[in-house]
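A.B. asks: I would like the atomic coordinates for the input below:
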Amino acid sequence: MKILFAAPENAWGGFLEMVRSELPQHQFVATGKFEVDTLKGFDVLIPTMSAVTELLLRGSDRLRLIQQCGAGLEGVDILAARKLNIWVANVPTEVGNAHAVAELGIYMMIGLSRNVRAMSQSLAERKMGQPQGKDLKGRTVGIVGLGGIGRALVKRLRAFDMRLIAVKRENPEKAMKELDLESVGGAGDLDKLLARSDFVILCLPVTSETQFIMNRNSFLSMKKDAFLINLSRGGLIEYNVLLEALASGLIAGAGLDVFWEEPPDPDDPIFDYNVLATPHIAGSTDGSMQNIVKVVAENIRRIEKNEEPLYC
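C.D. replies: A predicted model of the protein is given here:
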């Protein structure tokens, strides 16, 4: 079979080569960019961050599977794929990389609370003993979304002796008991969470309901010394409002692994403020890549045998 990888050849630490070594009998082609020009002649698409529209799908002549190398499928027209009898599957975070994303979230919490930007400036100016950081102990973390990533964060943050609260769209009371959290509210309780939290961590997918969930009213609800961390998708945050919030001191800073456009412009003015940024690599570790490769390779084998893929 012929498989299209919609990314540069060496993206995410050589993920493509790992899959290729699992399936040496198949032909793999990398687009070299996060875009797809044509699907003609391909049996499987690994879309990564590329848009997969109905028009693009209708140009395919033998595509059988769209297999995401992670959880996010917001760029894929799933309904159009169903009409064309093309399987769409992902790798759920709890199976693939939730632990890695949670670890990066904690890295951002520590980096922001200890003021990494000021540390670099102190070293450059040969100043020792500065800046003074803030403890994580005793602070409140508000987790927005309790899927695989949110649950992985809960598990790891207990060791930091922090207060853990959350919002969850469905069955919040059940989640509160299962995870032994201080409080879990429903979707309508976001503003209450924002008002209490020293760290707000976004761990939910972008949907029609969650797009721009962090808007002007949301930022007005946050504490001025609080930090916002986005581990999910850039579309959860209104860019202009975040920029204003950082510039005006409405919040203390932000940790961003995902952006409004990817890759972001390195000269974007948002990086002039207290932003700790990483290039969409929260889920990219040696262990998480191994987990994801197993699922991707297994689903390609299933398609080869005309079997239903996992995690459709």
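
A.B. asks: When you work out contacts or count neighbours from here on, use the C-alpha atoms and nothing else.
C.D. replies: Fine.

A.B. asks: Tell me if I'm right that Pro47 and Ala6 touch.
C.D. replies: Yes - contact between Pro47 and Ala6 holds when scored by Cα atoms under 8 Å: they sit 5.1 Å apart.

A.B. asks: got the residue ranges for the strands in the stretch 51-200 of the chain?
C.D. replies: Ranges of strands within the stretch 51-200 of the chain are 65-67, 87-89, 140-144, 163-167, 183-185, 199-202, based on DSSP state E, counting those that start in this stretch.

A.B. asks: out of everything not next to it in sequence, what's closest to Ile303?
C.D. replies: Nearest non-adjacent residue to Ile303, counting by Cα to Cα, 6 or more residues apart in numbering: Pro309, 6.7 Å away.

A.B. asks: Any figure for the gap between the residue of the chain most remote from its centre and Ile237?
C.D. replies: Seen from the C-alpha centroid of the chain, the residue lying at the greatest distance (Cα atoms, centre = their mean) is Arg126, 36.4 Å away. From Arg126 across to Ile237, the span is 37 Å (Cα to Cα, to the nearest Å).

A.B. asks: same check, this time on Gly14
C.D. replies: Relative to Ile237, and taking Cα to Cα, Gly14 is found at 30 Å.

A.B. asks: of the two, who's got more company?
C.D. replies: Neighbours were counted for Gly14 and for Ile237 using other Cα atoms under 10 Å; Ile237 has more, 23 against 13.

A.B. asks: Read off the pLDDT value for that one.
C.D. replies: You'll see Ile237 listed with a pLDDT of 97.

A.B. asks: again with Trp12
C.D. replies: In this prediction Trp12 is given a pLDDT of 80.

A.B. asks: What's the local residue count around the closest residue to it other than its chain neighbours?
C.D. replies: Spatially, and ignoring its direct neighbours in sequence, Trp12 is nearest to Ser284 (6.1 Å; Cα to Cα, 6+ apart). Look at Ser284: counted by other Cα under 10 Å, it has 21 neighbours.

A.B. asks: Kindly state the domain boundaries assigned to the chain.
C.D. replies: Taking automatic domain parsing as the criterion, the chain consists of the domains 2-93+285-304, 98-277.

A.B. asks: where does the chain dip in pLDDT?
C.D. replies: Of all residues in the chain, none has pLDDT under 70.

A.B. asks: longest helix of it?
C.D. replies: helix 286-304 (DSSP state H).
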